[in-house]
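Novice: next input, structure requested:
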Amino acid sequence: MLKAIIVGMLLVLQSSSRPGGSGTQAIAGLPNCTGITGTVTDCFVTPFTPLQPPWLNGGFGFGQVKTDGSGAVPVTGGGKGAATNGAIAWGSDQSSLLVYSSTTGIGTGGLFIRASGSGAYLWEIGAGVIFGISSTSVFTNLGGGCPAATPGDVYKLSAASTTITCLDVTTGVSGSISDPTYTAGRPGFAVDGDMKVTKFGASSP
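Specialist: Prediction:
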């Protein structure tokens with residue numbers, strides 16, 4: 001009888017310690033998105049070629065994006081790619097965040113908001129400028145005085161009505177523009193050259 005009780009207790013202890021069980025046990029393999037929050041987050045820990053739905057690949061003169069297990073990079077090595085997120089019906093007020101790494105130039109890499117068939121806003125992190133991009137891939141420099149590019153910082157591009165704000169969350173430095181051109185669409189990001197996006201988050205109130 002005592003032996004049966006001890007065996008039963010051991011079985012209960014084993015089942016309660018398994019990942020994914022009740023309590024506060026961590027689940028092995030979940031991405032570490034420290035520093036990034038949002039309705040949608042992604043740390044690109046699973047290799048895919050190209051990036052899988054609900055990501056939409058390419059557009060605005062950019063090619064596709066893939067993940068290599070430690071970040072998101074252009075499908076074409078040294079080229080440029082874009083990915084926007086279709087996971088939810090995004091509101092017009094929205095934000096897009098990323099952390100990136102790069103050893104050389106990052107070209108036209110940066111953050112998208114309100115990306116749709118009519119166009120988008122793109123913060124080119126290397127240029128420190130917000131661009132309006134038309135559906136025919138015409139880039140219009142809208143200014144903004146955005147913060148300098150520093151790999152490893154958390155960057156955020158947000159839209160509230162007609163105000164578009166670029167912010168280095170790590171340092172608190174920001175810039176903004178007022179523009180009514182693009183009113184709806186999805187958040188996302190662009191990569192260029194050897195730029196790698198290691199963490200992404202997006203929110204819509």
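Novice: name the helix or strand of this protein that has the lowest mean pLDDT.
Specialist: In the chain, the helix or strand scored least confidently by mean pLDDT, DSSP states H and E is helix 2-16, which has a mean of 36.
Novice: moving C-terminal of that one, what's the next helix or strand?
Specialist: The helix or strand immediately downstream of helix 2-16 is strand 40-42, counting by DSSP states H and E.
Novice: which strands and helices sit next to that following strand?
Specialist: Under the contact definition 3 or more C-beta pairs under 8 Å, 6 or more residues apart in numbering; DSSP states H and E, strand 40-42 sits against strand 196-203. From N, CA and C alone the C-beta is placed, and that goes for glycine too.
Novice: and the strand it packs on, average pLDDT?
Specialist: For strand 196-203, mean pLDDT is 95.
Novice: distance between it and the chain's centre?
Specialist: Relative to the centre of its chain, strand 196-203 is centred 2 Å away, using C-alpha atoms, centre = their mean, to the nearest Å.
Novice: that strand packs against which elements?
Specialist: Secondary-structure packing of strand 196-203 (3+ C-beta pairs under 8 Å, 6+ apart): strand 40-42, strand 72-74, strand 94-101, strand 186-192.
Novice: ok and it relative to strand 186-192, angle-wise?
Specialist: Going by axes from the mean of the first three to the mean of the last three C-alpha atoms, to 10 degrees, strand 196-203 is angled at 170 degrees with respect to strand 186-192.
Novice: where does the chain dip in pLDDT?
Specialist: For the chain, applying pLDDT under 70 flags the ranges 1-32.
Novice: go again using 50 as the cut-off
Specialist: 1-30 (pLDDT under 50).
Novice: list the contacts of the closest residue to G107 other than its chain neighbours.
Specialist: Nearest residue to G107, sequence neighbours excluded (C-beta to C-beta, 6 or more residues apart in numbering): D192, at 3.2 Å. By C-beta atoms under 8 Å, 6 or more residues apart in numbering, the contact list for D192 reads P74, G79, K80, G81, G105, I106, G107, T108, G109.
Novice: check the gap between D192 and V65 for me.
Specialist: Applying C-beta to C-beta, to the nearest Å, the value for D192 to V65 is 11 Å.
Novice: so what sits against both of these two?
Specialist: P74, G81.
Novice: thinking again about what came up before, out of the contacts of D192, who's the most crowded?
Specialist: Neighbours here mean other C-beta atoms under 10 Å. Within those, the largest count is held by G109, at 30 neighbours.
Novice: for that one, give its distance to T76.
Specialist: 14 Å.
Novice: now do A87
Specialist: From A87 to T76 the distance is 25 Å (C-beta to C-beta).
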